[in-house]
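*Asks:* give me coordinates for this.
(one chain, ligands or ions: 1)
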Amino acid sequence: MIDEQQNSFNLVCPPLIRNNKNISLGHGSGGFLTHELIKDIFNKYFANPILDEGNDGAVVNFPLTEGKMVVSTDAHIISPLFYPGGDIGRLAVSGTVNDIAMMGAKPLFLTASFIIEEGFPVESLEKIASSMKITCEEAGVKIIAGDTKVTEKGKGDGIYISTTGVGWLPEGRNIQGQNAIKGDAVIISGTIGDHATAILQARGGLGFQTNVTSDVSPLNQMLENLLQQVPNIHVMRDPTRGGLGTTLVEISQQSNVCIQIKENSLPIQREVKTVCEMLGFDPLYMANEGKVVIILPEEKCSVALDILHRHRYGQNAVRIGSVVDTNKARVLLQTPLGTNRVIEMLMGEMLPRIC
Ligand code: MG
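*Replies:* Modelled structure (predicted):
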C-alpha cells in the first residue's frame with residue numbers, strides 16, 4: 001500500500017532535485033527537496049561518519065583531557081562568488097580555520113550554514129561545495145553539521161555562507177593580541193593586498209587586466225609546523241578586512257605598545273602597487289585572506305622566517321618592523337626618508353563585500 005502511494009506520488013511529482021538546474025524555495029522547506037539537496041550535494045562532498053549520522057546535532061569525541069577549546073565564527077557575503085584564486089567556498093573554510101589557527105589552536109571541526117537565493121544554479125552550488133571539500137581536506141578539518149535556508153528571489157545575492165569552527169588549544173600555548181612586548185620583531189607571511197586586488201579585478205573595476213590572484217588559503221598547517229619549532233610566539237593575527245594597517249593598530253591597542261614598521265620592507269606585488277596608485281588605495285588597508293602577522297621575540301625571528309620560507313604560503317615572509325615602545329598604543333610607518341607617519345585604523349568601508 002505504501003509502495004503504491006509512493007509510486008503515485010512520483011508520477012504526479014517526479015524527483016525534482018536531480019533534474020533541477022536551479023534552487024527553489026522547496027529546497028529550504030526541510031522536506032523532500034531539502035533532503036534531496038543534502039543527499040545530492042552536501043553529503044556527496046562533506047560526508048564523514050559524524051555528519052552522516054543525520055541527527056540534530058553532531059556528537060564528537062573531543063581531545064580535551066588537557067588544553068582548551070577554541071571557537072570562532074564568520075559569515076561570508078563576498079561578491080563575486082568566484083574570483084581569480086578562489087571562491088566563496090574556499091573563503092568560508094579558510095576564514096574560520098585561520099581564525100582558530102591564529103590562537104595557536106588546531107582546527108578540528110566546522111559547521112556550515114548556507115543561505116541561498118531562489119533561482120541560484122545548482123551547478124554553482126556544487127562547485128562551491130566541491131571547493132569547500134578540497135579546502136577542508138587541505139586544512140585537515142571536517143564539516144560535522146550544517147543548515148540550508150532559501151530566500152525568495154531578489155532577497156539575497158546568490159549565496160551567503162556562515163561557518164563556525166572548533167579547535168583544540170594545546171596546554172601551555174598563549175597567543176593573543178595582548179602579548180606583544182617591547183623588543184619583539186614583527187613578521188608578515190607574504191605580499192599584502194592580493195585578495196582585495198583580485199576581487200576588484202573580478203568586479204571589472206580596474207579597467208585593465210592583472211595576473212594577481214587571491215591569496216585565500218588555510219594557514220593552519222604552516223602555523224602548526226612553525227609553533228612546533230618556535231613555541232614562544234606572542235601574537236598571530238590574519239590581516240583580513242581592514243588590512244595590515246588596521247590589524248597592527250588593533251594589536252598595538254590590545255598590548256598598549258608602539259609598533260614601528262618600515263615602508264620599504266612591506267612586500268607588495270608590483271601590480272598591486274600599480275592598482276593602488278591608480279585607484280588611490282593604500283595597500284596597508286587592502287584585505288588579505290591568506291596572510292598572517294606574527295609578533296615574536298627578536299631572537300626567534302630568523303629561525304621563524306626560515307621555517308615560513310619552506311612553506312608555499314610563507315615563501316615571501318619578511319620582517320617588517322619591531323615593537324619599539326611600551327605604554328604608547330600606536331603604529332608608526334617609517335618612510336624611506338626616515339620620517340614617521342602614524343597609521344590609523346581603516347575609516348569607513350574601502351571595498352564592501354570583500355569577504
Ligand atoms: Mg581574524
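*Asks:* the ion contacts on the stretch 1-150 of the chain?
*Replies:* residue 99 (CB under 5 Å from the ion). C-beta here means a position set from N, CA and C on the backbone, and glycine is covered the same way.
*Asks:* now do 8 Å
*Replies:* Counting by CB under 8 Å from the ion, the stretch 1-150 of the chain comes close to the ion at 72, 95, 98, 99, 102.
*Asks:* may I ask which of those residues has the most neighbours?
*Replies:* Within those, most neighbours by other CB atoms under 10 Å means residue 98, with 28 neighbours.
*Asks:* from residue 101, how far off is the closest residue to the ion within the stretch 201-350 of the chain?
*Replies:* Scanning the stretch 201-350 of the chain for the residue nearest the ion gives residue 238, at 4.4 Å (criterion: CB to the ion). Between residue 238 and residue 101 the distance is 8 Å, computed by CB to CB, to the nearest Å.
*Asks:* go on, residue 305?
*Replies:* From residue 305 to residue 101 the distance is 18 Å (CB to CB).
*Asks:* more crowded one of the two?
*Replies:* More neighbours surround residue 101 than the other of residue 305 and residue 101, with 29 against 17 (other CB under 10 Å).
*Asks:* got a pLDDT number for the residue nearest to that one when sequence neighbours are not counted?
*Replies:* Nearest non-adjacent residue to residue 101, counting by CB to CB, 6 or more residues apart in numbering: residue 220, 3.9 Å away. Listed pLDDT for residue 220 reads 98.
*Asks:* dihedrals phi and psi, residue 220?
*Replies:* With angles defined as degrees, to the nearest 10, residue 220 sits at phi -60, psi -40.
*Asks:* quick check: neighbours shared by residue 238 and residue 101?
*Replies:* In terms of CB atoms under 8 Å, 6 or more residues apart in numbering, residue 238 and residue 101 are both contacted by the residues residue 219.
*Asks:* the closest residue to the ion within the stretch 51-200 of the chain: what's it in contact with?
*Replies:* Ranked by CB to the ion, the top residue of the stretch 51-200 of the chain for proximity to the ion is residue 99, at 4.5 Å. By CB under 8 Å, 6+ apart, the contact list for residue 99 reads 72, 74, 165, 238.
*Asks:* over to it. Which of the three states is it?
*Replies:* helix (DSSP: H, G, I helix; E, B strand; the rest coil).
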